[in-house]
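Peer 1: Here is my input, please return the structure:
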Amino acid sequence: MAKFVIVGKANCPKFAKIEFLADDIQRNLPFCHVEKIPIIPENWDQYVENIELQNGWALKKNSPIVWRELLDRGGKGLLIGDANDFQEYVYQLYGITAELPSSLLIDVSEDNLKQLERVIIQKDIKKSQIRPLIVTITHSNTPLMYHLVSYLLDECFGNEELELRFLHSENNPVDALVMEVKDIACKKLRRAMSTTSLEEAFDNSDFILVTDEIEPIADVNDLTKRHYYLQQAKEICKNYADYIVKCAKSTCKILVAGQLPLNFTTYHFIQMCTPKLSRHNIAGAASFFEGIYKAQLANKLKVNPSKIENVLVWGGVTEFDSFVDVSRSQVRGAVGAITGGPSNFTRHVPPLIFDNQWLELDLHAQVAGRINVLKQALGAPPYAFYASTLARLISSWFCGRDNQFSYSLVVHNEDYYSMGSDLAISLPVKFHKGSWEVVVDIEISEEEQERIREVAKLLQDEIDLGEHLPTPPPTPGQVSLVKIDEEVEEETEAIQKDEDAENNLKVIHNDYNPEDPPEIQNSDPAVDNKAPQQDASESNNPNIENKDTNQVDEGFTESESKEITEQSVSDVQPN
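Peer 2: Below you'll find the model as predicted:
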């Protein structure tokens, strides 16, 4: 089969003439196929330059272009030439010519231009009616994207047409990822683009997937490091939330799914993006942590993990701040005393395992080490597992899920199960198409209620730690130093008291003269009142002789005065 491609300006008479000739060939020669491509006159020069650059041809811009495509071998095709070259080619090969008056060719060329304009207008109208679901993915320069993109284009959003926007940093472009997405040639994909602008990325977004990553800290008990770790997550929330509130649709959904403190990050997105966004449109992905437990149970029962349902994650999504309830889990297709049944027939997992110690202790220990085992085996986080569990969660949110079972999702808590309000907590939910609802009729025991309260308190403490760094308690070394400082201070005070006492004693010895009697105050006011008169009379009478200096006025003798002085000195001396 021969295929001819004719390209020219829509209002060109030469294009109209070879168009007639091509129709005649296709009508008389069934093995010939002709494709006609009219071009808007304003775009003709740019189109010719692109063809020359693509195929390496030297073309004439004032005439239509004709080439033959080699269908059996592929490639760029065989250039025939302009309109005159094509007419000569057809005449020599097939003996067919086209003789048409110029007036007819001019009328046909005008009709071609009008028809092309109508087609373009219709296409624009159809494009304007297309409303693709705008999906924005943050921090898209991670290996997770190469696993997740195929799920997003396949099953996550049903039959919705999509526009994918990949937000990345300037130092880590994702042009290769965008090229891979376009090469998939999915019919649902309307557009794929990469950007570094937050405003452009979040403009009219319908769904935002937060996949940012922060290097986790090794020691979760180090309050200082954990405080700055939480501060990094809060800063990410603030940067995104400002533009989400400004640019995104009011019906936009946000799913936090990166290597972040999910409960803390989800809580701050809820605080910063409401009231523009509904709290029911912001959630965190607990599917990965739930999937690890399902995998361990499935391995124990020798079934596929997709057969395990109703594994409930309460509280956080790590082994440190969560309570995972497997007592209500169910399995389909397990080998046991009862087999067969319909596809939706399920059985409870604990009776099939029949090992309470493994369910209560060993299972949690195995899950805690499972993630590290996967990282060591793969040399990187298990991105393929992340992608599959995340895709299943997105599909459940947008397309709905079987309401027979419950699934775990980090959502805003409105004091469900007495866990406290104003927290982002993993709770059992059921999915409807485009929404979810918390399962509130689960009967839990007192012991389970207490454990749920404990994990809720841990999450509240995490929020408080992210806001301010508490003063850490003193270490044993610091306590001993404080005790030593107190002992030294007490000894210093005792020495200072002794020195003060010695100084006082020296002052007393320096001022004391045994021959000078101490002045003792008389308690009799009558004597006190007479003394000045007596002194005055004596001082005015020169005939009166002075009293004996060895006897005081109060009537004490010299020996008595000396004894009183020595007694007073002994009272002030330290023991």
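Peer 1: pLDDT weak spots in the chain?
Peer 2: 1, 71-75, 340, 470-488, 501-575 (pLDDT under 70).
Peer 1: Grab the longest strand from it for me.
Peer 2: Secondary structure of the chain per DSSP state E: the longest strand is strand 421-432.
Peer 1: Would you mark the buried spots in the very next helix or strand once past it?
Peer 2: Sequence-wise, the next helix or strand downstream of strand 421-432 (DSSP states H and E) is strand 435-438. Neighbour-count burial for strand 435-438, with 16 or more other Cβ atoms under 10 Å as criterion, is recorded at Trp436, Val438. To be clear about C-beta, it is placed using only N, CA and C from the backbone, and glycine gets the same treatment.
Peer 1: outside of stretch 112-129, which residues touch it?
Peer 2: Ala10, Asn11, Phe15, Ala16, Glu19, Pro38, Ile40, Pro41 (Cβ atoms under 8 Å, 6 or more residues apart in numbering).
Peer 1: can I assume the fifth one is in contact with Lys36?
Peer 2: So the one you mean is Glu19. Yes - Glu19 is within contact range of Lys36, at 5.9 Å (criterion: Cβ atoms under 8 Å).
Peer 1: Between the two, which has more neighbouring residues?
Peer 2: Comparing Glu19 with Lys36 by other Cβ atoms under 10 Å, the one with more neighbours is Glu19, at 23 against 16.
Peer 1: And the more buried one, how far from Ser169?
Peer 2: 52 Å (Cβ to Cβ, to the nearest Å).
Peer 1: repeat for Tyr89
Peer 2: 55 Å.
Peer 1: which residue ranges form the strands in the stretch 301-450 of the chain?
Peer 2: Along the stretch 301-450 of the chain, the stretches classed as strands by DSSP state E, counting those that start in this stretch are 308-309, 312-315, 322-325, 330-332, 346-348, 407-414, 421-432, 435-438.
Peer 1: and those strands as TSV, adding distance to Val5?
Peer 2: Below are the strands of the stretch 301-450 of the chain laid out as TSV (distance: least, Cβ to Cβ, whole Å):
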stretch	distance to Val5
strand 308-309	56
strand 312-315	59
strand 322-325	63
strand 330-332	56
strand 346-348	60
strand 407-414	54
strand 421-432	50
strand 435-438	51
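Peer 1: related to what we said a few turns ago, when Tyr89 and Ser169 are compared, which one has more neighbours?
Peer 2: Tyr89 (15 against 11).
Peer 1: Now do the same for the closest residue in space to that one that isn't next to it in sequence: helix, strand or coil?
Peer 2: Distances taken as Cβ to Cβ, 6 or more residues apart in numbering put Ile80 closest to Tyr89, at 5.3 Å, once the chain neighbours are dropped. Following DSSP: H, G, I helix; E, B strand; the rest coil, we place Ile80 in the strand state.
Peer 1: I'd guessed Ile80 sits against Ser63; true?
Peer 2: No - the pair Ile80 / Ser63 is not scored as a contact, 11.8 Å apart, by Cβ under 8 Å.
Peer 1: Tell me the residues that contact both of these two, please.
Peer 2: Joint contacts of Ile80 and Ser63 (Cβ under 8 Å, 6+ apart) do not exist.
Peer 1: before we move on, back to that, looking at the contacts of stretch 112-129, which is nearest Asp461?
Peer 2: Within those, the smallest distance to Asp461 is 66.1 Å, found for Ile40 (Cβ to Cβ).
Peer 1: Tell me where the stretch 101-250 of the chain has helices.
Peer 2: 102-129, 144-151, 175-184, 198-202, 223-247 (DSSP state H, counting those that start in this stretch).
Peer 1: Please dump the ones you listed into TSV; it should also carry distance to Thr138 and mean neighbour count for every row.
Peer 2: What follows is the helices of the stretch 101-250 of the chain, written out as TSV (distance: least, Cβ to Cβ, whole Å; neighbours: other Cβ atoms under 10 Å):
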stretch	distance to Thr138	mean neighbour count
helix 102-129	27	12
helix 144-151	11	20
helix 175-184	14	14
helix 198-202	8	19
helix 223-247	7	17
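Peer 1: Arg68: which of these is closest?
Peer 2: Going by Cβ to Cβ, the one of those nearest Arg68 is helix 102-129, 22.4 Å.
Peer 1: Out of the contacts of stretch 112-129, flag the one nearest to Cys247.
Peer 2: Checking the contacts of stretch 112-129 against Cys247 by Cβ to Cβ gives Ile40 as the nearest, at 33.9 Å.
Peer 1: Got the phi and psi for the closest one?
Peer 2: Main-chain dihedrals, Ile40, degrees, to the nearest 10: phi -60, psi 130.
Peer 1: my guess is it contacts Ala10, does it?
Peer 2: Yes - contact criterion Cβ under 8 Å: Ile40 and Ala10 qualify, at 6.5 Å.
Peer 1: of those two, who's got more company?
Peer 2: The residue with more neighbours, out of Ile40 and Ala10 and counting by other Cβ under 10 Å, is Ala10; that gives 21 against 14.
Peer 1: any idea how far that one is from Lys127?
Peer 2: 20 Å.
Peer 1: got it, and Lys188?
Peer 2: Distance from Lys188 to Lys127, by Cβ to Cβ: 15 Å.
Peer 1: cool, and Gly336?
Peer 2: Separation of Gly336 from Lys127 (Cβ to Cβ): 57 Å.
Peer 1: now swap in Ser194 and tell me
Peer 2: 22 Å.
Peer 1: what do you get for Gln54?
Peer 2: Counting by Cβ to Cβ - Gln54 and Lys127 are separated by 25 Å.
Peer 1: and if you look at Lys300?
Peer 2: For Lys300 relative to Lys127 (Cβ to Cβ), the value is 53 Å.
Peer 1: and stretch 35-55, how far out from the chain's middle?
Peer 2: 47 Å (Cα atoms, centre = their mean, to the nearest Å).
Peer 1: Quick one: residues in contact with that stretch.
Peer 2: 3-11, 15, 19, 22, 57-59, 61, 65, 76-77, 79, 112-113, 116, 120.
Peer 1: List the ones among those that fall in strands.
Peer 2: Reading strands off the contacts of stretch 35-55 with DSSP E, I get Lys3, Phe4, Val5, Ile6, Val7, Gly8, Lys9, Ile65, Leu79.
Peer 1: which pair in those spans the largest distance?
Peer 2: Of all pairs in these, the most separated under Cβ to Cβ is Lys3 and Lys9 at 21.8 Å.
Peer 1: which one of those two has more residues nearby?
Peer 2: Lys9 (25 against 15).
Peer 1: Any idea how many residues pack against Leu359?
Peer 2: Neighbour tally, Leu359, other Cβ under 10 Å: 18.
Peer 1: go on, Thr318?
Peer 2: A total of 15 residues lie near Thr318 under the criterion other Cβ under 10 Å.
Peer 1: Make 20 the starting number, not 1.
Peer 2: That works, and once the first residue is 20, the last one we named lands at Thr337.
Peer 1: My guess is it contacts Ala305. True?
Peer 2: No - look at Thr337 against Ala305 with Cβ under 8 Å: they stay out of range, at 10.2 Å.
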